[in-house]
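Q: this is a predicted model, with the sequence first.
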Amino acid sequence: MRIVELTKETTTHILDELLQRSPNSYHEYESRVNEIIENVRTKGDEAVFAYTKQFDGASLNANTLQVTEEEIAQAYKEVDETLLEVIRKSLVHIRAYHEKQRTYSWFDSQENGIILGQKVTPLKTAGVYVPGGKAAYPSSVLMNVIPAKVAGVENILMATPCDADGNVYPPTLVAAKEAGVDRIYKVGGAQAIAAMAFGTQLIPKVDKIVGPGNIYVALAKKAVFGYVSIDSIAGPSEILVLADESANPRYVAADLLSQAEHDEMASAILITTSQTLANQVAEEVDRFTAELSRREIIQKSLDHYGYILLADHMEDAIDAVNEIASEHLEIITENPFEVMTKIRNAGAIFLGEYSCEPLGDYFAGPNHVLPTNGTAKFFSPLGVDDFIKKSSIISYSKEALEPVHQDIMNFAACERLTAHANAIGVRFEKEDGQNC
């Protein structure tokens with residue numbers, strides 16, 4: 001990995017490089033994605049079947065598009081009992097964490113006849129996209145479905161690619177069944193997003209689409225936003241490790257590579273105040289990379305988006321961390337909790353040398369669907385709030401409205417909205433002795 005002195009210029013350069021990976025930068029794919037969306041919107045399942053044949057090699061029809069209970073039962077036979085037990089343990093942790101996020105309706109009643117409040121209502125239908133391709137992600141099933149279940153979503157649909165024989169990765173099906181998915185469809189890519197956004201003869205329209213995917217999926221989610229809600233437009237995976245001389249270089253190197261193996265565009269960055277640690281981590285990265293099964297992907301990721309940044313002071317390092325606003329942030333310092341209080345921007349924060357990033361991916365409980373490409377400056381991890389909507393409640397008695405009605409009319413008059421003023425004034429014509 002490259003060891004670079006941390007300056008404002010290097011931070012700006014790295015930010016520019018990382019932002020180039022954003023789906024917003026891939027305009028050359030947009031016309032193709034829009035074509036797929038329009039075809040699915042107008043032709044429905046016919047287009048879905050055609051694109052599934054074209055991209056996945058599978059010949060589907062009305063009888064095979066949806067995963068059957070028999071296919072799910074077969075998946076359970078093919079999944080190792082040890083893995084099934086791990087999925088169930090992880091599910092318990094994820095559910096327990098998200099149950100603490102639940103928001104409830106509230107009402108505030110005052111003696112003068114005013115009742116104000118907020119009504120919380122879960123979305124009726126959510127669509128979860130689970131990618132296939134270079135890696136399959138049953139963990140993403142749990143992370144996307146469980147918050148929706150905790151929120152109280154009535155119907156949860158899942159779309160995921162199948163192989164050429166029409167089969168879905170068995171652990172993905174098992175995870176979906178364990179999490180409580182209602183229906184699973186064998187469709188991937190932009191065509192899956194379009195089908196859930198607009199509905200087809202066989203796939204119902206949903207209220208919100210969540211879940212990661214490739215550039216086509218990301219751009220499709222961007223294109224259908226407004227017709228449905230989406231969680232975010234996710235970019236490639238990111239990890240940033242903030243470490244001092246107390247860190248174990250072998251742990252740091254292993255954690256950096258845990259994200260670099262996702263794909264060639266993943267980023268892995270170490271910011272440290274220790275020259276010795278920087279050198280040791282670079283050596284450990286080379287050793288691990290030579291041994292790991294996805295070494296080619298890892299090496300391309302590191303060549304393009306891997307950095308070791310050497311800072312003069314911890315405060316400078318923290319400033320850079322907040323500027324980069326990474327998806328995953330590990331703090332491996334002598335006092336990580338103290339450093340954490342100075343962090344403003346990060347998707348998920350891992351404290352201490354035994355709180356490695358894969359712990360969050362699979363097991364601890366917090367969601368692993370996180371903001372990328374610097375959007376942690378203003379976005380949060382996926383959670384229960386993503387699957388609810390809030391309605392304001394306002395109730396005034398005549399006795400409560402009367403003393404303030406002239407104030408409201410004056411405000412409306414200031415904005416030259418006479419019908420607004422009239423809607424208030426008409427209720428007090430007799431008291432005011434005139435019409436509005």
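A: Everything's here; your move.
Q: helices or strands up against whichever helix or strand residue 220 is part of?
A: Here residue 220, judged by DSSP states H and E, is contained in helix 215-224. The criterion is 3 or more Cβ pairs under 8 Å, 6 or more residues apart in numbering; DSSP states H and E, and the helices and strands that helix 215-224 contacts are helix 30-43, helix 189-198, strand 229-230. (Each C-beta comes from the backbone N, C-alpha and C, glycine too.)
Q: change it to 10 Å
A: With contacts defined as 3 or more Cβ pairs under 10 Å, 6 or more residues apart in numbering; DSSP states H and E, the packing partners of helix 215-224 are helix 30-43, strand 125-129, helix 189-198, strand 208-210, strand 229-230.
Q: which of these sits most buried?
A: With neighbours defined as mean count of other Cβ atoms under 10 Å, the helices and strands packed on helix 215-224 peak in mean count at helix 189-198, which reaches a mean of 28.
Q: name the residues of stretch 413-430 that are buried.
A: When burial is assessed from 16 or more other Cβ atoms under 10 Å, stretch 413-430 yields the following buried residues: 420, 421, 424, 425, 428.
Q: what do you get for stretch 154-167?
A: 155, 156, 157, 158, 159, 160, 161, 162, 166, 167.
Q: quickly note the distance from the third one to residue 94.
A: Taking Cβ to Cβ, to the nearest Å as the criterion, residue 157 is separated from residue 94 by 19 Å.
Q: now the second one
A: In this structure, residue 156 lies at 15 Å from residue 94, with Cβ to Cβ as the measure.
Q: what do you get for the last one?
A: As judged by Cβ to Cβ, residue 167 and residue 94 stand 26 Å apart.
Q: any idea where the strands of the stretch 251-400 of the chain begin and end?
A: Remark: strands assigned in the stretch 251-400 of the chain by DSSP state E, counting those that start in this stretch are 267-272, 306-310, 328-332, 348-351, 388-396.
Q: kindly state the pLDDT recorded for residue 135?
A: Here the pLDDT value assigned to residue 135 is 60.
Q: and residue 285, by the same measure?
A: Turning to residue 285, the model gives it a pLDDT of 96.
Q: so what's it closest to, chain neighbours aside?
A: Distances taken as Cβ to Cβ, 6 or more residues apart in numbering put residue 253 closest to residue 285, at 4.6 Å, once the chain neighbours are dropped.
Q: quick check: the one you found touching residue 279?
A: No. In terms of Cβ atoms under 10 Å, residue 253 does not count as a neighbour of residue 279; the distance is 11.5 Å.
Q: so what's residue 296 up against?
A: Contacts here follow Cβ atoms under 10 Å, 6 or more residues apart in numbering; on that basis residue 296 touches 261, 264, 289.
Q: in stretch 301-320, what's buried?
A: By neighbour count, and taking 16+ other Cβ under 10 Å as the criterion, the buried residues in stretch 301-320 are 301-302, 305-311, 314, 316-320.
Q: that one: end-to-end distance?
A: Taking Cα to Cα, to the nearest Å, the span from the opening residue of stretch 301-320 to its closing residue is 21 Å.
Q: for the top helix by length along the chain, give me every contacting residue.
A: With secondary structure taken from DSSP state H, the chain has its longest helix at helix 81-99. The list of residues contacting helix 81-99 from outside it, by Cβ under 10 Å, 6+ apart, reads 76, 79-80, 138-139, 141-143, 145-151, 170-171, 174-175, 177-180, 361-368, 382-384, 387.
Q: can you rerun that using 6 Å?
A: 142, 146, 147, 150, 175, 178, 362, 363, 365, 366, 384 (Cβ atoms under 6 Å, 6 or more residues apart in numbering).
Q: try stretch 235-244
A: Stretch 235-244 is touched from outside by 21-22, 252, 255, 259, 262-263, 265-274, 317, 321, 326-333, 357, 372-373, with contacts defined as Cβ under 6 Å, 6+ apart.
Q: how long is it end to end?
A: Start-to-end, stretch 235-244 (Cα to Cα) is 28 Å.
Q: any idea how far that stretch is from the chain center?
A: 17 Å (Cα atoms, centre = their mean, to the nearest Å).
Q: ditto for stretch 263-275
A: The chain centre lies 22 Å from the centre of stretch 263-275; the measure is Cα atoms, centre = their mean.
Q: and it, what's its mean pLDDT?
A: For stretch 263-275, mean pLDDT rounds to 93.
Q: what number of residues lie near the residue nearest to residue 161 when sequence neighbours are not counted?
A: Distances taken as Cβ to Cβ, 6+ apart place residue 188 nearest to residue 161, at 2.9 Å, with adjacent residues excluded. Summarising burial for residue 188: neighbours were counted as other Cβ atoms under 10 Å, giving 27.
Q: and residue 188, how close does it get to residue 49?
A: According to Cβ to Cβ, residue 188 and residue 49 sit 13 Å apart.
Q: next: residue 74.
A: The span separating residue 74 from residue 49 equals 23 Å under the rule Cβ to Cβ.
Q: same question, residue 123
A: Remark: distance between residue 123 and residue 49 (Cβ to Cβ) = 28 Å.
Q: same question, residue 183
A: Taking Cβ to Cβ as the measure, residue 183 and residue 49 are separated by 17 Å.
Q: who has more neighbours out of these two?
A: residue 49 (22 against 16).
Q: name the nearest residue to the residue nearest to the spatial centre of the chain, sequence neighbours excluded.
A: Residue closest to the average C-alpha location in the chain (Cα atoms, centre = their mean): residue 369, at 3.7 Å. The shortest distance from residue 369 to any residue that is not its chain neighbour, by Cβ to Cβ, 6+ apart, is 3.7 Å, and that residue is residue 382.
Q: for that neighbour, which residues are in contact?
A: Taking Cβ under 6 Å, 6+ apart as the contact definition, residue 382 lies against 231, 367, 369.
Q: one more: residue 118?
A: Listed by Cβ under 6 Å, 6+ apart, the contact partners of residue 118 are 106, 390.
Q: can you tell me which two in the buried residues of stretch 301-320 are farthest apart?
A: Of all pairs drawn from these, the greatest distance, 26.8 Å, lies between 301 and 314 (Cβ to Cβ).
Q: returning to that earlier point: more neighbours: residue 253 and residue 279, which one.
A: For the pair residue 253 and residue 279, the greater number of neighbours falls to residue 253 (24 against 14), based on other Cβ under 10 Å.
Q: list the contacts for the more buried one?
A: When the contact criterion is Cβ under 6 Å, 6+ apart, the partners of residue 253 are 281, 284, 285, 288.
Q: which of those tops the neighbour count?
A: Tallying neighbours with other Cβ under 10 Å puts residue 281 at the head of these, with 28 neighbours.
Q: so what's that residue up against?
A: With Cβ under 6 Å, 6+ apart as the criterion, the residues that contact residue 281 are 249, 252, 253, 270.
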